[in-house]
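Undergrad: whatever this is, show me its structure:
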Amino acid sequence: MDGRRLLKSNDFLWIENQRLRQQNEGLRQQLAQREDRSRQLAALQQKHQRALDQNASLRRQIAQLRQQLKSKPKAGPPPFIKPAAAQKKHPKKPGQKAGHAAALRPAPAHIDVHQQAPLPVDLDGAVSCPHCKTQLSDVKHHERVVEEIIPVKVQTTCYHTTSGWCPSCRKHIESRAPEQPPAADLPHAQLGLNALTWAAVMRVCYRLPLRQITALYGQLGLKLSPAAIAKQLQRMSRWLHGQYHRLQLSLRLAGVVHADESGWRTNGKNGYIWTLTNADHTLYHIDGSRSGKVIADLLGGDFGSDGQGTLVADFYGAYNQFKGPQQKCLAHLLRELKDSAAARPELKEHSFFKKCRRLIKEMLRLKQQREKLRRAEYEHRVALLEKRLIKLGEGRWGDVDADRLANRLRKYGGQLTTFLHKAEVDGTNNAAERALRPAVVMRKITGGSRSPAGARAWAIVASVMRTAQQQGHDVVATIQDLLKAEWSGKPTALLTELLMPVILQERNCLPSPL
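TA: Reported below is the predicted structural model:
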């Protein structure tokens, strides 16, 4: 082979080598791409498998949730709606038991009108049937009593009075009838004693809105505006302010006083309504503050310091300033035990909670048995209960809520058993809560008061009316008697009989005792 052929062969081999190199490089790239795609495919396969597993898990959860939804009870009412009472297996039937006499209204004390309701008579004067005109046999006479309300009629009275200037008293004097209100807004007509009193009763006792009262008066023929009733209530409160002050003095002198407070809004601002009450008197006071100064001004800072007065209240710190005997409300303590156990169900079986509930119920039960037990036995059982109370308070119970309530027992221990030593003291503050209930209902209806003057007027009138109800007086007649006494300037002891000598002495109407 000569040189030229070798050169051609070499060139061919070099070109073929280059081609193979390029082909090899292309194959390498394709192989790398295929490996990348294989890795991507493996990753996608793993992702797909995870998606399949997650999808299966979600399907199982959906199936479980659907099963729970089928077996889940219906949602309860919103928090502001009281839940429905549980149905009892054997509910008590309403009404009297079989064999008891019917509980009907009592018969009227007297008959005002006698009216004949005869049957028709025939030509012979015999009683006959009104349908077929046949004579009746076995004729009897009956009395059927019906109580009716006489339709109201507006009566306008013009009082002809006489006035003049008294040079001795240095003031203008004008005559006035006993039932005539003091003149105001002349020459316009005023509300009479009955209209004024019934408007106040409907507003305070029956808690009617002002527009409802004006609508009712409008149907009866007496036109007035809601603002007019509000104005008249404020006037009435000024006339009854003396009685309000006497109620306050009566409670300061009382042996047992229940106190409580609740929220009350005045002109959109948050405030509080305070109440002091005992068996015969109730006092309301509306204030923007809940500080201890309010109750100290109402009750007197030295209340009970002589050991004669006992204050029954809850655990609010404002009542701790009084140095005299106190009784803390055991119902509040039981309620807090229940609420704590409801928030943490594991506390229901906690030793402290079980022992504390049992002890409080035994204390209340012992007070009910006071009159049935001998004095020595009663005092012995009281001493045992007090020892158990001290032991509960001094224990360490290993729980935040239990230790907190044990600390309260330790702090107020002596004030939790006062009612066991004093027969006239109750172990709960239910009396104050019952006195506050009408005010709370009024607050729900009206939202509070529109002005401080209106709030004070409502507190004064409500205090007098609540006291009249407690003492068994007719509210309308009582308010009218108090108003007429105030208009005439004559003191009255209608609601505070025991306090009248003290008040009259303060007015220099009676000589002070030696």
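Undergrad: residue 117 - how many residues pack around it?
TA: 6 (other CB atoms under 10 Å). No exception for glycine: its C-beta is placed from N, CA and C like everyone else's.
Undergrad: sec struct for it, please.
TA: coil (DSSP: H, G, I helix; E, B strand; the rest coil).
Undergrad: try residue 99
TA: For residue 99, the assignment made with three-state DSSP gives coil.
Undergrad: residue 308 too?
TA: State at residue 308, reduced to three classes by three-state DSSP: coil.
Undergrad: just give the nearest non-adjacent residue to it, would you?
TA: Of all residues not flanking residue 308 in the chain, residue 255 sits nearest, at 6.4 Å (CB to CB, 6 or more residues apart in numbering).
Undergrad: show me what contacts that neighbour?
TA: In this structure, residue 255 makes contact with 278, 308-310, 424, judged by CB atoms under 8 Å, 6 or more residues apart in numbering.
Undergrad: would you check which pair of these lies furthest apart?
TA: Using CB to CB, those span at most 13.3 Å, a distance reached by 278 and 308.
Undergrad: so residue 373 is in contact with residue 382, correct?
TA: No. With contact defined as CB atoms under 8 Å, residue 373 does not count as touching residue 382 (10.1 Å).
Undergrad: return the distance of the residue nearest to residue 308 relative to residue 280.
TA: The gap separating residue 255 from residue 280 is 11 Å, by CB to CB, to the nearest Å.
Undergrad: ok, residue 288 next?
TA: Distance, residue 288 to residue 280, using CB to CB: 29 Å.
Undergrad: just want to know which of these two has more residues nearby.
TA: Regarding residue 288 and residue 280, a neighbour count based on other CB under 10 Å identifies residue 280 as having more, with 17 against 14.
Undergrad: host element of the more buried one?
TA: Counting by DSSP states H and E, no helix or strand carries residue 280.
Undergrad: now do the contacts for it.
TA: By CB under 8 Å, 6+ apart, the residues touching residue 280 are 250, 467, 470-471.
Undergrad: okay, those in a markdown table with pLDDT, distance to residue 204 and secondary structure next?
TA: Below are the contacts of residue 280 laid out as a markdown table (pLDDT from 0 to 100; distance: CB to CB, whole Å; DSSP: H, G, I helix; E, B strand; the rest coil):
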| residue | pLDDT | distance to residue 204 | secondary structure |
| --- | --- | --- | --- |
| 250 | 93 | 20 | helix |
| 467 | 95 | 12 | helix |
| 470 | 94 | 14 | helix |
| 471 | 93 | 16 | coil |
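Undergrad: considering those residues, which possesses the most neighbours?
TA: residue 467 (25 neighbours).
Undergrad: so that residue makes contact with residue 282?
TA: Yes. The criterion here is CB under 8 Å, and residue 467 meets it with residue 282 at 5.4 Å.
Undergrad: now for the two: what residues contact both?
TA: Shared contacts of residue 467 and residue 282, defined by CB under 8 Å, 6+ apart, are found at residue 247.
Undergrad: circling back to that earlier point, closest to residue 59 among the contacts of residue 280?
TA: For the contacts of residue 280, the residue nearest residue 59 by CB to CB is residue 470; the value is 68.9 Å.
Undergrad: among the contacts of residue 255, which ones are buried?
TA: When the contacts of residue 255 are checked for burial by 16 or more other CB atoms under 10 Å, the buried set is 278, 309-310.
Undergrad: confidence-wise, which of these comes last?
TA: Lowest pLDDT within those is found at residue 309 (91).
Undergrad: between the contacts of residue 255, which sits nearest residue 228?
TA: residue 278 (35.4 Å).
Undergrad: show the contacting residues for that closest one.
TA: Per CB under 8 Å, 6+ apart, neighbours of residue 278: 251, 254-258, 431.
Undergrad: need the buried ones from those residues selected in ChimeraX.
TA: ChimeraX command restricting these to the buried ones, with burial defined by 16+ other CB under 10 Å:
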select :251,254,256,257,258,431
